[in-house]
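Undergrad: Predicted structure and sequence below. I'll ask about it afterward.
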Amino acid sequence: MTDTTQHREQATIGDLDETHVDETYVEEEQVAVPMRKDVGIRRVRMTISRVDPLSALKLSFLVSVGIGIMIVVAAIILWFVMDAMHVWARIDDLLVTLNSEPLLELGQFMDFGRVVSFAVVVGVIEVVIFTLLGTVLALLYNVIAMLVGGLYITVTDE
């Protein structure tokens with residue numbers, strides 16, 4: 001099919017099954033291709049005039065849940081690393097050597113279950129605070145954007 005162009009022409013709608021091929025031999029075909037101008041980098045100025053508080057609530061909740069999970073996992077990993085380095089045993093030996101009742105009670109808080117429980121509580125508090133903070137900041141941005149017109153950004157297309 002190097003020098004042959006095939007044209008398929010369909011008949012009317014009633015004759016959908018009938019098609020025929022018209023073969024034409026062409027020695028050299030010149031096709032006019034429109035020249036495409038190189039536009040370069042396009043820049044568009046946009047304004048962020050409003051942030052939906054519900055979207056900010058959802059996004060800040062998801063981000064803060066991720067951070068909360070990282071806090072708990074980091075506390076677990078840190079506890080295991082310190083336990084492998086025998087830090088907890090050395091601290092316990094130091095507290096026994098000092099022979100002070102309040103300090104011995106302090107050593108009970110270095111137990112794995114208590115450390116993980118504390119990390120979970122910190123993670124839950126972080127989720128609540130960051131979710132509320134994200135929503136309040138979105139509402140605050142909306143109020144400021146009404147006063148000054150929003151945030152102007154320039155978007156480029158490279």
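TA: Noted; the coordinates are in hand. Numbers count the residues shown, from 1 in each chain.
Undergrad: show me where the protein has strands.
TA: For the chain, the strands defined by DSSP state E occupy 4-10, 19-25, 42-48, 151-157.
Undergrad: Tell me the strands beside the third one, with direction?
TA: Pointing back at strand 42-48 there. strand 151-157 (antiparallel) (DSSP bridges).
Undergrad: Quick check: Glu158 vs Ile48, distance?
TA: Taking CB to CB, to the nearest Å as the measure, Glu158 falls 21 Å from Ile48. C-beta here means a position set from N, CA and C on the backbone, and glycine is covered the same way.
Undergrad: Please identify which of those two sits among more neighbours.
TA: Neighbours per residue (other CB atoms under 10 Å) separate Glu158 from Ile48, with Ile48 holding more: 11 against 5.
Undergrad: Chain neighbours aside, what residue packs nearest to that one?
TA: Nearest residue to Ile48, sequence neighbours excluded (CB to CB, 6 or more residues apart in numbering): Leu151, at 4.5 Å.
Undergrad: count of residues packed around that neighbour?
TA: Neighbours around Leu151, by other CB under 10 Å: 13.
Undergrad: pretty sure it contacts Met46?
TA: No - taking contacts as CB atoms under 8 Å, Leu151 lies outside contact range of Met46: 9.1 Å.
Undergrad: burial count for the nearest residue to Phe61 once chain neighbours are set aside?
TA: Of all residues not flanking Phe61 in the chain, Thr131 sits nearest, at 4.6 Å (CB to CB, 6+ apart). Thr131: 20 surrounding residues under other CB under 10 Å.
Undergrad: same question, Tyr141
TA: By the criterion of other CB under 10 Å, Tyr141 has 18 neighbours.
Undergrad: dump the residue contacts of it.
TA: Counting by CB atoms under 8 Å, 6 or more residues apart in numbering, Tyr141 touches Val51.
Undergrad: What pLDDT does the model give it?
TA: Residue-level confidence at Tyr141 comes out at 95, pLDDT.
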